[in-house]
Every structure is written in C-alpha cells, then in structure tokens.
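Visitor: Here is the input, now give the coordinates:
(2 chains)
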Amino acid sequence: MPVRVRFAPSPTGPLHIGGVRTALYNFLFARKHRGTFCIRIEDTDQNRFVPAAEEYIFESLSWLGIVADEGPLNGGPYAPYRQSERKEIYKDYVYRLVESGHAYYAFDTTAELEDARNKYKSSGPDVFQYGAKTRELMRNSVSLPPGEWEKLITGGVPFVIRLNVPADEEIRFNDEIRGEVTVGSSTIDDKVLMKSDGMPTYHLANVVDDHIMKITHVIRGEEWLPSAPAHCLLYRFFGWDETMPSFAHLPLLLKPEGSGKLSKRDAEKGGFPIFPINWKDPESGEISRGFRESGYLPEATVNFLALLGWNPGTQQEIFSMDELVEAFSIGKVNKSGAKFDIEKAKFFNQQYIKTRPIGTLREFLEMRLEENGTPYSPARIDKVIEALKDRVTFPDEFYTQSLYFFSQPGEFDMNVIQKKLTPDMASILKEISSGIRAMKVTSASGDFKELISAVMIKNGLQPGQAMQLIRVLVTGTTTGVDLMLTLEILGPGEVAERIDSALLKLTQ
RNA sequence: GCUCGGUUCGUCUAGGGGUUAGGACACAAGGUUUUCAUCCUUGCAACAGGGGUUCGAUUCCCCUACCGAGUACCA
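Guide: Take a look at the predicted model:
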C-alpha cells in the first residue's frame, strides 16, 4: 500500500516551530517511502480562525522547502483539503454512528456542563467526565425517553453529538515511536464529535478525513497521544479497523530553561525566534520574529529541526534535505521531549554559510548596502563575502562587519593610536603609504606584506609592529578580516589614501 | 486528582547485560594565523534514586521521585 501522510495544521495563528518540525517529519517520511505528502487545513473552529494564518503556513513551509503533493494550494484527488469545506461529509458519517448506537445526541448547555463539573470538584477527588458513569445523569438521547429527545430536536433545541464510549474495555494500539499503548475505555470521555454549529470536532473530522484520504501513517504531536484511543474507537465503530493508519506521536519541544513546553514567552525572553517567518498579529499589530528574518538560512533551520528529536544513529550531523530523506526513519525518533537550544541553530547556520556558494550570499550584502544608500562596486562584493564567509554566523554580518570596505573609517581605535602612533612611526607609515601608492593596481596580499616588511626592516623594526597600526588607520578597528587580504581588496590607491588621511587627522 | 507518556554530560544525542559510556553544541586551555575569526589538538562533563533478576545492570523488571501531555461544543 502506498504511503500517504498528512500535515494537518489549524489556522489559528502563526505556525509554531514545533508544528514545522511535525510537517518536516511527515515530509521526510513521505519522500523516504516514495509516498504522498498532503496538507489539510483543519479550520473547524470558527471562533479561533485567523484569516492570515493559512497563507502564513504555506509561506513558511515553502521557505523551508517542505512542499505538499496534495493540499489546498495544488488540489488533489481528495479535494477539498479544507475541513470547513467538507462540513457535509462529516455530517453524513456522524449520523451513521448515531444510527448504529455508537454516538448520541446531547442537549446539555454550557451552564449545565459547568454545574456538573463544579459539583464534582467540590464533592471529591474525582473530576467530572462525560462518560458511561455520568451519561445517564445528563440530558441526552441515552438518558431521555425517545419521545422526549426527538421533540427537543424537532423543536430546534441545540445539540451536539457525542461518542458513546463503552464502559469498560481495553483499547490497545501500536505507536511507531512508543510501542504498544494500552488504555482503559473508562478513562476516555464521550467526546463531542459534532458541535452545535454543525461543525465536526477534530476527532471526527480527523478520523473521517484520514480514512477518506487513505492516510497510512498519522505522524503528529504528543499532545494527541491521550486521545488516540478514542480515535481507535472511532475507526472501529466506522468499521475501518482494517485500514486504520499507524500512529507516531512525536515528542514535544521544551523550554530552553526550566520545564514546560516551548512558548512564545520563552522566545521573547531569550531573544530568539520560535516561528519560521515573521508574524504580525492582526489585532495587536505586534510582530513575532521568524527564523527567516532573524538570519537563519532555510537549510540550517531544517537541519536543526530535524535533529531535535531524531537522530540517524550515525555521527553525521550536517544533512541536506536529500540526505535527511535518505536517512530518516520514524523508529529512530526519540521518545522524550527536546529542549530548544538556539546555540545549536547558530552552529548550523554558520556551517551552511561557510559552504554556500558566494552567488547565493551576495544578495544579503547588496540589499543592506542599498538600504543604507552606501555606494559599492559589484566587484568588491564577492571579495568581501569570500573574506567574511568563514567568520560570520548570520548573513547580516556580511554588512555589519564589512562597513570599512565601503567607506573610510570615521573613528579610530584611540587606544592603539595613543600607544603606538609615535612621531617616528608616523613618518615610517608615510614611507609605507607612498610605497603602496606606487604599487600595481592588481597587487596581491603578499605584495603588501613584502613592502611593509621591507620598509620596517629598513628602519630597524620588526614588521609585526606596524600591523595593528595599519589596521586601525585603514579600518578604524583592531579586528576584522586578515589585514593583508583587506589591503588587497581595497587596492593600493585606496589604502595609501586612507593611511595618509588618517595620519593627517591623527597627528595634528 | 486521574489517565497516558517520558528520564544518558549544562544542551542535542549514540549506545546497550561485561564499553576507558561515543559524537556534536556550548565552555576552557594550547597550537596555527605577526591581529581577529577560521582551522587543529586537548580538557571539562552524564546513565534520576531504591529494590529486584543476574556471575555481572546504565541496559531487563518493579517501586519512588521528578518532568511532560491530556483531562473543552480547541486543535
């Protein structure tokens, strides 16, 4: 049977990075088994629906290279892929359950349910559960005589449809990650399957759609593990035992410090992103930063996420998407939650910047230079990127660390100037600069080194003594790209001029 | 509370009845680079606790502790 998996997000806000990982694992699994990866939008909650969220999901996934074979964007044999557009389908199925006695009507109001819960809370250690033990006490088509509840329905009283969970039996299912899980049915409540607005709940819609769409493997977050037995029950009641998908419940992403699951607050506190791309809250206008806008490359983000909860069992850590597909196996996914550590993400980013072709990095620098109206020659861009490639973690540093390549320094490290720029040194530096001025335009770093050394030795000094000073005169700072390489990139004319003008400024 | 999961260096993890418990990030030291970064070397550092089973347990079993999730007309 061909493998078919789905990623089923709810458009209730920005897609959390944990959700992105779920999507990624589904995608990898599908590719690995030459199967099909579907995206299904689970928008059955009209109260929490956020219009911009769906577009956000697709933009995020496409940035990362996670593309769906079937979904709302490109359609597919089981369209529509938005649950809100499939409303009638679920109705049809849920009434089959009502007819077979596996589901029933319930008329309890929100207030009545609240009362029931409060009563239980105050009277003992038990928590109210709508189920085999309490069903008879509530207002529903099990407790009420047929004539009575039928009248309620024809009279237009709002109702929900609940799953009729058997009183006492063991439900067993196999989880690809956790092994066999056994749960007593008495601990499962009579879940609402269809809400009073006629929309299905997750449980119904999910099972029905997974069946219709011939999903073979359900790979989803651990938060679904407790309700998986109820889903099993649903498959059985529908008579779909034979084709029930296998389950794989993924471990959660945890806070970097302390305990609990990763939240937006952690991101704000720690100054790191937990959303794939920027998200602007439509109500407050508040912007949550994304990995993309924070300077993480998509391949680094994917690599980082893939290894958060999964490991191929080898020592390899750097994986392209194709390599991930090749190595991925659902059985190697960890059981326990992984703390989110942004330092590792930075490491991957650094690695990928290092190995990226220059042409794919160019735009990062050009964009920033243009933004700031800094004039530049295209030829210099590539040299600067080449020089900085091994030393940056984020693409933005191509700009922040290369300012002196595009404009003369306005300030100088005065510590060095005061300590080292003696009148004697000043005149030696003048000698050096006029030597440099006479050099060929195409001089290489070695030529600069040779010239500087020659002048220094001629004056009875170690060449090393001039290096830091020249660096400060030319770039303003004491750190940066290899000095000789810096001089080569700037070229003799500009170097000489910078030294002269700096000397003029600093020796008055 | 109850149900279901989980627990190897600070973090991500490999391993699995007999190992010097391996790698990576981070951190530290040294080397290279006449600077900075890269790079290289080295160091630091872990089987939650208690009972079993066994010649032998970090590994298998049980209990405890701790952590997480769920316990909605949310997904």
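
Visitor: Need the phi and psi values for A:Pro395.
Guide: For A:Pro395, the backbone dihedrals (degrees, to the nearest 10) come out as phi -60, psi -30.

Visitor: my guess is A:Val474 contacts A:Thr486, does it?
Guide: Yes. Look at A:Val474 against A:Thr486 with CB atoms under 8 Å: they come within range, at 6.8 Å. Quick note: C-beta positions are derived from backbone N, CA and C, even for glycine.

Visitor: Neighbour count for the two, which is higher?
Guide: More crowded of A:Val474 and A:Thr486, by other CB atoms under 10 Å: A:Val474, with 25 against 21.

Visitor: What count of nearby residues applies to the closest residue to the more buried one other than its chain neighbours?
Guide: Computed as CB to CB, 6 or more residues apart in numbering, the closest residue to A:Val474 that is not its neighbour in sequence is A:Arg498, at 4.9 Å. By other CB under 10 Å, 22 other residues sit near A:Arg498.

Visitor: For A:Ala338, give me its contacts.
Guide: By CB atoms under 8 Å, 6 or more residues apart in numbering, the residues touching A:Ala338 are A:Pro251, A:Leu252, A:Leu253, A:Leu254, A:Leu308, A:Gly309.

Visitor: swap the cut-off to 6 Å and go again
Guide: By CB atoms under 6 Å, 6 or more residues apart in numbering, A:Ala338 lies in contact with A:Leu308, A:Gly309.

Visitor: Angles on the backbone of it, please.
Guide: When read as degrees, to the nearest 10, the backbone of A:Ala338 gives phi -110, psi 130.

Visitor: roughly how far apart are it and RNA strand B?
Guide: Taking CB to the nearest atom of the strand, to the nearest Å as the measure, A:Ala338 falls 3 Å from RNA strand B.

Visitor: Need the per-residue pLDDT for that residue.
Guide: Per-residue confidence (pLDDT) for A:Ala338: 94.

Visitor: Make sure A:Asn459 is actually in contact with A:Ile428.
Guide: Yes. Using CB atoms under 6 Å as the test, A:Asn459 is close enough to A:Ile428 to be in contact (5.3 Å).

Visitor: More neighbours: which of these two?
Guide: In this view A:Asn459 and A:Ile428 are compared by other CB under 10 Å, and A:Ile428 has more residues nearby, 20 against 15.

Visitor: Which helix or which strand is home to that one?
Guide: helix A:423-437 (DSSP states H and E).

Visitor: quick one: buried residues of that helix?
Guide: Under the neighbour-count criterion of 16 or more other CB atoms under 10 Å, helix A:423-437 has A:Met425, A:Ile428, A:Leu429, A:Ile432, A:Ser433, A:Gly435, A:Ile436 buried.

Visitor: swap in stretch A:296-314?
Guide: Buried, per 16+ other CB under 10 Å, within stretch A:296-314: A:296-310, A:312.

Visitor: Can you confirm whether it lies near RNA strand B?
Guide: Yes. Interface with RNA strand B: stretch A:296-314 contributes A:Leu307, A:Leu308, A:Gly309, A:Trp310, A:Asn311, A:Gly313 (CB under 7 Å from any atom of the strand).

Visitor: Can you report phi and psi for the fifth one?
Guide: Meaning A:Asn311. Backbone geometry at A:Asn311, expressed as degrees, to the nearest 10, gives phi -160, psi 130.

Visitor: Report pLDDT for it.
Guide: 94.

Visitor: need the strands for the stretch 201-350 of chain A, in chain order.
Guide: Taking DSSP state E, counting those that start in this stretch to define them, one finds strands in the stretch 201-350 of chain A at A:217-221, A:246-250, A:253-254, A:279-280, A:287-288, A:338-339.

Visitor: which other residues reach the second one?
Guide: Going back to what we said before, that points to strand A:246-250. Outside strand A:246-250, the residues that touch it by CB under 6 Å, 6+ apart are A:Thr22, A:Asp175, A:Glu176, A:Ile177, A:His217, A:Val218, A:Ile219, A:Gly221, A:Glu222, A:Leu225, A:Ala228, A:Ile330.

Visitor: repeat that with 10 Å
Guide: A:5, A:18, A:21-22, A:25-26, A:29, A:173-178, A:181, A:215-226, A:228, A:231-232, A:309-310, A:330-331, A:333-335, A:337 (CB atoms under 10 Å, 6 or more residues apart in numbering).

Visitor: low-confidence ranges in the stretch 401-508 of chain A?
Guide: In the predicted model, the stretch 401-508 of chain A carries pLDDT under 70 at residues A:508.

Visitor: and it, which residues reach RNA strand B?
Guide: Counting by CB under 7 Å from any atom of the strand, the stretch 401-508 of chain A comes close to RNA strand B at A:449, A:452-453, A:456, A:462-464, A:467-468, A:471, A:478-484.

Visitor: Return the subset of the residues you listed lying in helices.
Guide: Residues of those located in helices (DSSP state H): A:Lys449, A:Ile452, A:Ser453, A:Met456, A:Gly464, A:Met467, A:Gln468, A:Arg471, A:Leu483, A:Met484.

Visitor: Save those as JSON lines, and put in neighbour count too.
Guide: Conversion of these to JSON lines gives the following (neighbours: other CB atoms under 10 Å):
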{"residue": "A:Lys449", "neighbour count": "16"}
{"residue": "A:Ile452", "neighbour count": "23"}
{"residue": "A:Ser453", "neighbour count": "15"}
{"residue": "A:Met456", "neighbour count": "19"}
{"residue": "A:Gly464", "neighbour count": "10"}
{"residue": "A:Met467", "neighbour count": "15"}
{"residue": "A:Gln468", "neighbour count": "15"}
{"residue": "A:Arg471", "neighbour count": "21"}
{"residue": "A:Leu483", "neighbour count": "19"}
{"residue": "A:Met484", "neighbour count": "18"}
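
Visitor: What sits closest to A:Gly480 if chain neighbours are left out?
Guide: Of all residues not flanking A:Gly480 in the chain, A:Thr486 sits nearest, at 6.5 Å (CB to CB, 6+ apart).

Visitor: same for the helix or strand hosting the one you found, what does it pack against?
Guide: Assigned by DSSP H and E, A:Thr486 belongs to helix A:483-490. Contact analysis of helix A:483-490 by 3 or more CB pairs under 10 Å, 6 or more residues apart in numbering; DSSP states H and E lists helix A:378-388, helix A:403-406, helix A:445-458, helix A:464-475, helix A:492-506 as its packing neighbours.
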